[in-house]
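Q: Give me coordinates for this.
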Amino acid sequence: MGPGPGGLTRALLAGPAAAVTAIELDRRAVAALAELADAHPGRLRVLEADALTIDPVALLPAPRRIIANLPYNIASVLLVGWLRQAAAFEGMTLMFQQEVAERICAAPDTSAYGRLAVLAQWRCRCELLLRLPPGAFSPPPKVFSAVVGFTPHAADPGPALFRTMERLTAAAFGQRRKMLRGALKGLGDAPGLLGAVGIAGERRAETLTVAEFDALARALLARG
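A: You can find the predicted model right below:
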């Protein structure tokens with residue numbers, strides 16, 4: 001049996017966590033978790049809800065840690081939302097489709113490196129912890145899975161800079177075959193922006209390090 005909601009929650013309850021909040025949309029899983037909640041009164045809270053509508057910072061007291069087997073069709077959306085709030089978490093341990101996990105942890109100048117890698121690595125130290133074949137689950141999915149650990153960096157860029165980085169990476173990787181002076185044209189005066197941080201306009205997005213994207217985002221925000 002794969003690490004479904006019940007198995008994951010049991011594992012968390014067996015650990016040192018002072019309290020566990022389980023968020024689940026599938027009513028069958030909610031019923032199974034309710035039995036666990038009865039066995040652990042005051043320590044396990046079960047919420048029948050869509051994770052996309054939940055604000056974990058408002059819901060949970062500090063210190064907070066997110067541990068989840070994510071629905072693969074919304075995993076990237078959930079991750080970006082939590083990265084916006086990364087400073088509020090001690091860490092995250094998340095399961096993705098293996099292809100997505102590899103994109104999150106990818107290095108510059110590789111085919112997997114893109115917007116998700118920049119956003120994730122800008123806000124956290126990312127480590128691919130475990131790969132799981134389909135046979136590790138019952139019923140087995142059609143894809144391989146992988147677990148990524150996220151440790152937030154101490155420096156918090158704040159919401160304005162995060163929004164700017166989202167705009168910047170969307171533009172840069174939205175047309176990744178273009179040189180940056182063309183890909184960033186929609187942000188206004190791309191040559192001036194690139195020149196301000198010493199990045200050649202002939203380069204392409206996948207060649208930039210996370211630190212170079214940080215410099216560009218700060219320059220873009222300063223420009224207003």
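Q: Mind checking the pLDDT average for stretch 206-221?
A: The pLDDT scores in stretch 206-221 average 98.
Q: That should have said stretch 175-183, apologies.
A: Average pLDDT, stretch 175-183: 92.
Q: Assign a three-state SS to residue 125, would you?
A: Under DSSP: H, G, I helix; E, B strand; the rest coil, residue 125 falls in the strand class.
Q: For it, list each beta-bridge partner.
A: residue 151 (DSSP bridges).
Q: Make sure it is actually in contact with residue 105.
A: No - with contact defined as CB atoms under 8 Å, residue 125 does not reach residue 105; the gap is 10.2 Å. In short, each C-beta sits where N, CA and C put it, glycine included.
Q: Show me which of those two is the more surrounded one.
A: Remark: of residue 125 and residue 105, residue 105 carries more neighbours, 20 against 12, as counted by other CB atoms under 10 Å.
Q: Quick check: that one touching residue 129?
A: No - the criterion here is CB under 8 Å, and residue 105 misses it with residue 129 at 10.0 Å.
Q: since we're on the residue lying closest to residue 212 once chain neighbours are set aside, how many residues are nearby?
A: Spatial nearest neighbour of residue 212, chain neighbours left out: residue 199 (6.1 Å); criterion: CB to CB, 6 or more residues apart in numbering. By other CB under 10 Å, the residues close to residue 199 number 20.
Q: Check residue 120 too.
A: By other CB under 10 Å, the residues close to residue 120 number 24.
Q: Quickly find the element holding it.
A: helix 115-123 (DSSP states H and E).
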